[in-house]
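Undergrad: Predicted model follows, preceded by the sequence.
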Amino acid sequence: MGTFDRYKLKDNPFRMVPANETEKLIWAGFKDVREEFEKRIKRSIGVASSSLVLNMGEYGSGKTHAALYFSKPDVLATLTPEGKKKPLSIKIDFPSSKNVVYDLYMQVIDKLDFISIQAQLPSEEMCRQAIGQQAKSGFIKKMLENLFCRPIDTDIVSFLYGNATATQMKALDVPRKINFSVDTEQILGAIFTFLTSEAGPYSCVILWLDEFEDINTLNSVEVKNANSFIRSLLDNTPDYLLMFINFTMSAVSTKEDLFMYLQEAVKSRVKQRIEFDIPTLGDLKEYLTDLMNNAVYRDENLDNKLFPFKEDVIDELYGKLKNVSLRRFNEALSLLLESASYDEVAEIDKAYFESISGEIEGWKDE
């Protein structure tokens, strides 16, 4: 018998870290938040404009999970209208480094599988035509042609990472190396624009910038550079770029404090704010019902959708923890479930909950 078989669960659904298996990345509860993301993504697929969206909530409220969930190919496929190309979703983390723009650029390049992209492209003639129509300079034109009109080799890879030798530069016929102080947004913008052009394989690019709260660890110069990167990338990709910025509110005191780190040129580009609120008791029960009865975790249709928890246990747990993030509830429920399994408890009722409530309450922030 597996650890949670007695509870008719295939696994512990209250995981503390994102699942390695994409099929275990599911959305449970919080329908309003999910629908906000779906509407914004659908709009970006169909409307030729670029937009910036702020996702705001406490640590553990689900922002990173949203980035991972809405990057799943099957989820994006369901949001893509018939006859439209699928979106490309890229998740990167905001770096707390001395060269934030360089690190952001490198993360995006690392996530782009150019060999796979090339396999989806039409004829070389169509690609060259699309590049000729969009390229703003001979430098960008040559770079794009090397990326999308000839087989990917170490020459172009070295060029993208700034390590190309003189011999490689000659083979690529590119006039100069990348100047990472001024070229990064133009290069990424050109790549994104080609990928969403008539010749490209994608309808739009969705870029998730996670852990943006780390901007408060940067000096004023790097804060300015980070703002410039966001603004310039949107300017250099005027169509079909959707940028989500995930920000943890506990890193600052108020929403106004967050906007201190955003320059006016970036704030003016924010089209929407999606807020991950502290869950209510109703939110928590809906979340648990959806999560525990998803086929990933349970095949059987049970009368008690919260089994092995009695409903009054969830009421009691919420009353003790109250205003905490979803992650805190998951931590407490995981501990409760694992303890009950170890103690071979048939059902988790109030009596068992009270017997270990001191340990459970220890997960609450003081």
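TA: That came through fine.

Undergrad: And the strands in this protein, which stretches?
TA: Counting by DSSP state E, the segments of the chain that form strands are 51-57, 88-93, 205-210, 241-248, 270-276.

Undergrad: would you turn these into a markdown table with mean neighbour count and distance to R327?
TA: Using the backbone N, CA and C atoms, a C-beta is placed for each residue, glycine as well. What follows is the strands of the chain, written out as a markdown table (neighbours: other CB atoms under 10 Å; distance: least, CB to CB, whole Å):
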| stretch | mean neighbour count | distance to R327 |
| --- | --- | --- |
| strand 51-57 | 22 | 10 |
| strand 88-93 | 20 | 18 |
| strand 205-210 | 24 | 15 |
| strand 241-248 | 24 | 11 |
| strand 270-276 | 16 | 11 |
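
Undergrad: Compile those strands into JSON lines and extend it with columns for distance to L306 and mean pLDDT.
TA: Converted to JSON lines, the strands of the chain look like this (distance: least, CB to CB, whole Å; pLDDT from 0 to 100):
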{"stretch": "strand 51-57", "distance to L306": "24", "mean pLDDT": "95"}
{"stretch": "strand 88-93", "distance to L306": "32", "mean pLDDT": "97"}
{"stretch": "strand 205-210", "distance to L306": "31", "mean pLDDT": "98"}
{"stretch": "strand 241-248", "distance to L306": "29", "mean pLDDT": "96"}
{"stretch": "strand 270-276", "distance to L306": "23", "mean pLDDT": "93"}
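
Undergrad: With distance to K24 added, can I get those strands in JSON lines?
TA: Converted to JSON lines, those look like this (distance: least, CB to CB, whole Å):
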{"stretch": "strand 51-57", "distance to K24": "22"}
{"stretch": "strand 88-93", "distance to K24": "17"}
{"stretch": "strand 205-210", "distance to K24": "19"}
{"stretch": "strand 241-248", "distance to K24": "21"}
{"stretch": "strand 270-276", "distance to K24": "20"}
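
Undergrad: Tell me which of those strands lies nearest to T196.
TA: Of all these, strand 205-210 sits nearest to T196, with 6.2 Å by CB to CB.

Undergrad: now the angle from that closest one to strand 241-248?
TA: 10 degrees (axes from the mean of the first three to the mean of the last three CA atoms, to 10 degrees).

Undergrad: A77 is in contact with K86, isn't it?
TA: Yes. The pair A77 / K86 is scored as a contact, 6.1 Å apart, by CB atoms under 8 Å.

Undergrad: sorry, back to before: the strands of the chain: which one's closest to F159?
TA: strand 88-93 (20.2 Å).

Undergrad: More neighbours: A77 and K86, which one.
TA: The neighbour count for A77 versus K86, taken as other CB atoms under 10 Å, is higher for K86 (16 against 10).

Undergrad: Identify the residues contacting that one.
TA: By CB atoms under 8 Å, 6 or more residues apart in numbering, the contact list for K86 reads P73, L76, A77, T80, P201, Y202, S203.

Undergrad: and what of K136?
TA: Q186, A190.

Undergrad: So that it lines up with my notes, have the first residue be 597 from now on.
TA: Got it, first residue is 597 now, which makes that one K732.

Undergrad: thinking again about what came up before, hmm, which of the contacts of K682 are the buried ones?
TA: L672, T676, P797, Y798, S799 (16 or more other CB atoms under 10 Å).

Undergrad: Helices - which of the residues you listed land there?
TA: Among the buried ones among the contacts of K682, the residues falling in helices (DSSP state H) are L672.

Undergrad: out of the buried ones among the contacts of K682, who's nearest I874?
TA: Distances from I874 to these, taken by CB to CB, are shortest for L672, at 28.7 Å.

Undergrad: give me the number of residues near the spatially closest residue to S777 that is not a sequence neighbour?
TA: In this structure, S777 finds its nearest non-sequential neighbour in V697, 7.9 Å apart by CB to CB, 6 or more residues apart in numbering. When neighbours are defined as other CB under 10 Å, V697 has 21 of them.

Undergrad: Tell me, how many residues neighbour Q714?
TA: 16.

Undergrad: Roughly how far does it sit from L708?
TA: 11 Å (CB to CB, to the nearest Å).

Undergrad: so what's in contact with the two at the same time?
TA: Contacts common to Q714 and L708, judged by CB under 8 Å, 6+ apart, are absent.

Undergrad: gap between the residue lying closest to M739 once chain neighbours are set aside and A731?
TA: Nearest residue to M739, sequence neighbours excluded (CB to CB, 6+ apart): V770, at 6.2 Å. Distance from V770 to A731, counting by CB to CB: 13 Å.

Undergrad: Neighbour count for these two, which is higher?
TA: More crowded of V770 and A731, by other CB under 10 Å: V770, with 22 against 18.

Undergrad: The more buried one: what's it in contact with?
TA: V770 neighbours (CB under 8 Å, 6+ apart): F735, K738, M739, N742, F755, A760.
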